[in-house]
Structure formats: C-alpha cells, structure tokens
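# Just need the structure, nothing else, for what follows:
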Amino acid sequence: MYIPGYAYHIVQRGNNREACFFEEENYRVYIRYMDEALPRYGSCLHAYCLMTNHVHLLMTPDCVDSISNFMKVVCSRYAQYINKKYARTGTLWEGRHKASAIDTEGYLLKCYRYIELNPVAAHIVNRPEEYAWTSNHCNAWGDPDSLISVHQTYLALGQNQQQRCLNYQKLFSEVLSPEDCQAIAKAVHFSMPLGSEEFISQIESRTGHKIGFSHRGRPYAKLVKNKSLRPL
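Residues are numbered from 1 along each chain as shown. The predicted structure follows:
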C-alpha cells in the first residue's frame, strides 16, 4: 500500500538477476518511458540509477496507485520493446517491484546517496558522476533532467541551486556506513518501511496494518537487529 506524500525506495530487478539493459539505447528508451509516465500517473521522481540488471528509484506518489500504475506501464512497455528488439520471449523482470517507505528525517538523503552510489559500490566507476544513467548529474551538479522533481529535504540544502548542489556534493565526501547500507538494502528487499519508531507507527496508522511477520515458522526478526527495520 502506498501512502500519498511519503517517499519510497523502489527496486525492480531483471529476471534471475540477469541483465535488462544491453546497450546505451536501452537506457535512453527506459528514461523516455519514465518521462512520459511520471506526469500521467502522478508520481514525483527524486533520484534514480539504472544498473545493468536492476533499477533504483526514489519516488513520492500523489495517489495510492500512482507508483503501481507507473511501474506497471513503464516495465511492461520496456519489456515489449526489449523482446521485439532482440527477438526474445519470456519475462524480462523478476516479478513485482520491491518498495520501502523512507523516513524523510532520518534516511531520505542517505537513500539518495545509496541509490546514486550503486555504480561505485559495483566497481563500475570510481565516482557517482562518472556513471551516465543516474540522477547524480542533476542533484549534485545541476545538470537539467526532466525526470527529477525536487524533494523538500533536498530543497532545504541551500537557498539556491548552486548552494544545494555544493552541499549535496559534500554529502558524498562521507562514506555511507555499512549499517546504513544494510538497513536500506534489507528494508527494500523485504518491502518494509525504514525509519524511527514514530515513523513506523505512522505507517501502521495510515495503512491500518500492523507491521511484522505473521507467517508460521521461525521468525525473521533475528535477521533484522535494527529496531527501525520491522518487516511488513
């Protein structure tokens, strides 16, 4: 369930973790599909990174079904394009995308960095701005990008675009801690919110659902030591 006005970290992976982008044109087509779908389905995109076999997005929906409709249309159109272009059949994507609600106060800017540092973590480039298919060029360096909508937290980094870019660049001078990286990765893997106890309570109140595992068997709680990580 998506709550309008809350930021979400979205991950969509290729089937069996295999490639979903094969050449530069593919990335451009996916970006074009996103550009067309964002205003149509009422979603704001704050950060993104298109990796070879998966996609990271940071989005805020206007409506409860904004992200679901956006992802459905973009992924479906892109899969059809790939199958036609390369004369292939079968599914391209792993399945339904993963989504994690992000606590703006504690984790949003960390999630920005986590997404845009993916190519660095994968040892593809040494610096995030060296990777072509990412929002870092816009958020850190001010390059125009029609996909990006400014989040209020990013806006608070400075009084003008130059100040915001400089302060955003400074964030990348500090390495994300292994604990933060693990927290963000686990949260999106299990499609659970990431934030403070108060934030978790807000999500529970807005959705009407208690957050926690309810299936039989050995509980997974031991896998998540951070109290801010409670599985949906």
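
# Mind telling me what element the residue nearest to the spatial centre of the chain is part of?
Among the residues of the chain, the one closest to the centroid is Leu57, at 2.8 Å (Cα atoms, centre = their mean). Using DSSP states H and E, Leu57 sits within strand 54-61.

# all strands of this protein, in order?
Remark: strands assigned in the chain by DSSP state E are 7-13, 43-50, 54-61, 98-102.

# circling back: find the nearest non-adjacent residue to the residue nearest to the centre of the chain, please.
In space, and not counting its chain neighbours, Leu57 is closest to Ile10: 4.2 Å by Cβ to Cβ, 6 or more residues apart in numbering. C-beta coordinates here come from the backbone N, C-alpha and C atoms, glycine included.

# quick revisit: mind checking the pLDDT average for the strand holding Leu57?
Regarding strand 54-61, the rounded mean pLDDT is 98.

# before we move on, what about stretch 5-17?
Stretch 5-17 shows a mean pLDDT of 96.

# Other residues contacting it?
For stretch 5-17, contacts defined as Cβ atoms under 8 Å, 6 or more residues apart in numbering pick out 2, 20, 46, 53-61, 67, 71, 75, 90-94, 97-102, 104, 108, 111, 114-115, 151, 184, 187-189, 194, 203.

# What is the end-to-end distance of that stretch?
Stretch 5-17 stretches 31 Å from its first residue to its last (Cα to Cα, to the nearest Å).

# Pass me the low-pLDDT residue ranges in this protein, would you?
Residue ranges of the chain with pLDDT under 70: 212-232.
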